[in-house]
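Student: sequence first, predicted coordinates after that:
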Amino acid sequence: MTDLIVKAAVKEQLADQNVSSNFYDALDGEVADLLADAAQRAADNDRKTVQSRDL
C-alpha cells in the first residue's frame, strides 16, 4: 500500500493521544478509498480534475 499519510503529522494532530502502529495502515486505507471515490465522482461527471465537491 502507498503511504498517503505523514505519520508525524498524524502524531502532531493527535498529540494528547497514543497512536497504535496499525492505526496508520487503517488511516492510509481510508484515505485511499476516499481518493478513489473522489476520482470516480469526477469521472462520472466527465471531469479529469478532482475538486473539493468530489469529497
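Tutor: Received it, and whenever you're ready, just let me know what you need.

Student: and stretch 32-46, average pLDDT?
Tutor: The average pLDDT within stretch 32-46 is 98.

Student: now residue 13: how far from residue 54?
Tutor: Look at residue 13 and residue 54: by Cβ to Cβ, to the nearest Å, they are 23 Å apart. For every residue, glycine as well, the C-beta is placed using N, CA and C.

Student: comparing those two, which shows the higher neighbour count?
Tutor: residue 54 (18 against 10; other Cβ atoms under 10 Å).

Student: contact partners for the closest residue to that one other than its chain neighbours?
Tutor: The shortest distance from residue 54 to any non-neighbouring residue, by Cβ to Cβ, 6 or more residues apart in numbering, is to residue 38 (3.9 Å). Going by Cβ atoms under 8 Å, 6 or more residues apart in numbering, residue 38 touches 50, 54, 55.

Student: pretty sure the last one sits against residue 34.
Tutor: Think residue 55. Yes. Judged on Cβ atoms under 8 Å, residue 55 makes contact with residue 34 at a distance of 6.8 Å.

Student: among the two, which residue is more densely surrounded?
Tutor: A count of neighbours by other Cβ under 10 Å puts residue 34 above the other of residue 55 and residue 34, at 13 against 10.
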